[in-house]
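In: Have a look at this fold, sequence not included:
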């Protein structure tokens, strides 16, 4: 009941206007929308992938620089803490301040300050001790004589290990503010451990500031300590006082589900374990890139839709107007109104039908006025026959009328002995059937080369003995499937741009071979060639996304290779002025085998 004949009948019942609209929506508008949506999604995914890669590299670079600063400070801290002379002098019990100042001037005075000028990443070095016989001053401090608490010392208590990285607020009335310091216990020598001694190496805030702000503008960096607190925020610089935020106070954009937040540990050593750097990408930049991609694709979609719409509308009006005229005048014949169709007929099949109708109407009108009613009755059967023929002609009008015309020309040329012209018409007809009749975009290399040979035969007819071409194909590559028209477009480009300016001895050489695990296809010509600057412009035009311009064929092949095989397919052009040009594409065989598998499924 619902066989092919039923559906064909249903299609025949659809008015011509709605058939054109159906073709427009299904074959033009819908593919444009689907393709542009696909390209937008792919472009958006590529933008996100690229930005995430940049984010990862930036945070790794900043983390590496911070780790290097900390490691340098730890190495210096261990060097000072292992200095036996400093430990011995600070572990003495002095009878009075004078005795201490003598020892201070003899040894301690410039022993620490010299490091701050040698190491630009360090701002200050201090030693704290509970030896009450020394005097607080310069870089040496007695713990019991300091007013207020020492926040860094509180962090040190209860921790394993002799070295610790701490972030805290300095309460010193002369220089208060936030500090990041490397703390060390000076307990290496048992003989000099009468008093507790602590070494504090303060990191240079300007150095930390420059590292954190280097990626400013598109990346926000948060330095998190081992307690989960935000020590530094590149969006809240420069270095200053204030409470240190906890992890719960990190801005909402650090939500990992956003996909634009990464964290990187500063190291695995015990003194830095738990410290990490969190990077937050500026989504405004990413949104701007998405908006630019969206605008480009919308413009492309609009142009791709408007131009076919205008062309289809013009063709539809030309077709529909004349067919409606013909139908209305045929309907009037039933009322014995034999009026000719007074419009520009055209030279296509519809115009031929209109001319035939006008001739028929004139002959019928003449018969009515020249013979008796009896003769008209006798001719009624003939009139019905004519109507049947007209209806048959009407039913034969379809989108392939051009093929019928070419076939008619072919027959005439064969009958009159125009063998060369007949061959060209046959190749042209086959070319057009290939271009319009194939729905699949991947075809065997054998068919693509046959298709290309037809085109070259037409060029051969055009130039005669002034043009030659040749193929050299590895038989093992015949059945590998490649994008349709990828070779023909390169050959057409060679004929148009390479050989057009050459007067004689025009040659095109097409090769296809399997080597190094890839299918290599080359199209070479002996045309005028290109200078290096022109060759660079051609490659730039092939890589651009803009439509129009010259070398559309080159760009078409390049973009389709990029679409199907991404960066795994190679596209190369070699050219020398006055010698010729060679265009070569290389596609890994494993990708071609995957395409064969997809086609099979």
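Out: In hand now; what should we look at? Values in this document were obtained by computation on a predicted structure and should not be read as measured data. Residues are numbered from 1 along each chain as shown.
In: going forward, measure contacts and count neighbours with C-alpha atoms only.
Out: OK.
In: which one is residue 281 nearest to, not counting chain neighbours?
Out: Of all residues not flanking residue 281 in the chain, residue 219 sits nearest, at 4.6 Å (C-alpha to C-alpha, 6 or more residues apart in numbering).
In: Same check on residue 188?
Out: Distances taken as C-alpha to C-alpha, 6+ apart put residue 82 closest to residue 188, at 6.4 Å, once the chain neighbours are dropped.
In: which regions of the stretch 401-550 of the chain lie under the pLDDT threshold?
Out: Along the stretch 401-550 of the chain, segments meeting pLDDT under 70 span 401-440, 545-550.
In: what about the residue nearest to residue 188, how many residues close to it?
Out: 15 (other C-alpha atoms under 10 Å).
In: And it, its phi and psi?
Out: phi -90, psi 0 (degrees, to the nearest 10).
In: oh, and call the first residue 9 from now on, that's how I've got it
Out: Renumbered: residue one is now 9, and that last one reads residue 90.
In: Please determine how far it is located from residue 205.
Out: 12 Å (C-alpha to C-alpha, to the nearest Å).
In: coming back round to it: now do the same for the residue nearest to residue 196: its pLDDT.
Out: The confidence metric pLDDT takes the value 86 at residue 90.
In: just so I have it, where are all the helices in the stretch 59-208 of the chain?
Out: 92-98, 105-111, 121-126, 159-164 (DSSP state H, counting those that start in this stretch).
In: Identify all contacting residues around the third one.
Out: With C-alpha atoms under 8 Å, 6 or more residues apart in numbering as the test, helix 121-126 has contacts from 130-133, 147.
In: try 6 Å this time
Out: Identification of contacts with helix 121-126 by C-alpha atoms under 6 Å, 6 or more residues apart in numbering yields residue 130.
In: what comes up buried for it?
Out: By neighbour count with 16 or more other C-alpha atoms under 10 Å, helix 121-126 contains the buried residues 121, 123-124.
In: need these in CSV with distance to residue 498, can you?
Out: Output for the buried residues of helix 121-126, formatted as CSV (distance: C-alpha to C-alpha, whole Å):
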residue, distance to residue 498
121, 73
123, 69
124, 68
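In: Any idea how many residues pack against residue 345?
Out: Applying other C-alpha under 10 Å, we find 13 other residues in the vicinity of residue 345.
In: confidence score at it?
Out: Residue 345 is given a pLDDT of 77.
In: Next: residue 248.
Out: At residue 248, pLDDT is 45.
In: same check, this time on residue 9
Out: So residue 9 comes in at 51 (pLDDT).
In: how much space between the closest residue to residue 570 other than its chain neighbours and residue 277?
Out: Sequence neighbours aside, residue 577 is the residue nearest to residue 570 in space, at 7.2 Å (criterion: C-alpha to C-alpha, 6+ apart). Using C-alpha to C-alpha, we find residue 577 at a distance of 45 Å from residue 277.
In: neighbour count winner among the two?
Out: A count of neighbours by other C-alpha under 10 Å puts residue 577 above the other of residue 577 and residue 277, at 18 against 11.
In: List phi and psi for that one.
Out: Dihedral angles for residue 577 - degrees, to the nearest 10 - are phi -100, psi 140.
In: Cross-check the contact I'm expecting between it and residue 598.
Out: No: using C-alpha atoms under 6 Å, residue 577 makes no contact with residue 598, being 11.2 Å away.
In: Could you pull up the mean pLDDT of the helix or strand hosting residue 372?
Out: Using DSSP states H and E, the element containing residue 372 is helix 357-378. For helix 357-378, mean pLDDT rounds to 78.
In: from the chain's centre, how far out does that helix sit?
Out: Mean-position distance between helix 357-378 and its chain equals 61 Å (C-alpha atoms, centre = their mean, to the nearest Å).
In: Then stretch 88-104?
Out: How far stretch 88-104 lies from its chain's middle: 65 Å, per C-alpha atoms, centre = their mean.
In: who touches it?
Out: With C-alpha under 6 Å, 6+ apart as the criterion, stretch 88-104 contacts 108, 141, 194, 200.
In: Recalculate using a threshold of 7 Å.
Out: 108, 141-142, 194, 196, 200-203 (C-alpha atoms under 7 Å, 6 or more residues apart in numbering).
In: out of those, who's nearest residue 209?
Out: Proximity of the contacts of stretch 88-104 to residue 209 (C-alpha to C-alpha) peaks at residue 194, which lies at 12.7 Å.
In: per-residue confidence for the closest one?
Out: Confidence score, pLDDT, at residue 194: 86.
In: How much space separates it from residue 200?
Out: Noted for residue 194: a distance of 9 Å to residue 200, by C-alpha to C-alpha.
In: Those two - which one has more neighbours?
Out: Just comparing residue 194 and residue 200: by other C-alpha under 10 Å the higher neighbour count belongs to residue 194, 27 against 20.
In: right, and the more buried one touches residue 208 too?
Out: No: using C-alpha atoms under 7 Å, residue 194 is not in contact with residue 208, being 10.4 Å away.
In: returning to what we had before: in terms of secondary structure, what does the helix holding residue 372 contact?
Out: Contact partners of helix 357-378 among helices and strands, from 3 or more C-alpha pairs under 7 Å, 6 or more residues apart in numbering; DSSP states H and E: none.
In: picking that back up, now do the contacts for the residue nearest to residue 570.
Out: Applying C-alpha under 7 Å, 6+ apart, the residues contacting residue 577 are 569, 594-596.
In: Likewise for residue 188?
Out: Contact analysis of residue 188 by C-alpha under 7 Å, 6+ apart lists 174-176, 210-211.
In: Can you lay out those residues as CSV showing pLDDT?
Out: Output for these, formatted as CSV (pLDDT from 0 to 100):
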residue, pLDDT
174, 86
175, 85
176, 82
210, 89
211, 90
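In: Strands along the stretch 259-408 of the chain, start to end?
Out: With DSSP state E, counting those that start in this stretch as the criterion, the stretch 259-408 of the chain has strands at 269-273, 284-289.
In: how many other residues sit next to residue 175?
Out: 22.
In: Show me the beta-bridge partners of it.
Out: residue 188 (DSSP bridges).
In: Residue 191 is in contact with that one, correct?
Out: No: between residue 175 and residue 191 there is no contact under C-alpha under 7 Å: 10.4 Å.
In: quick one: low-confidence parts of the stretch 109-258 of the chain?
Out: Counting by pLDDT under 70, the stretch 109-258 of the chain has low-confidence residues at 153-157, 166, 180-183, 225, 245-258.
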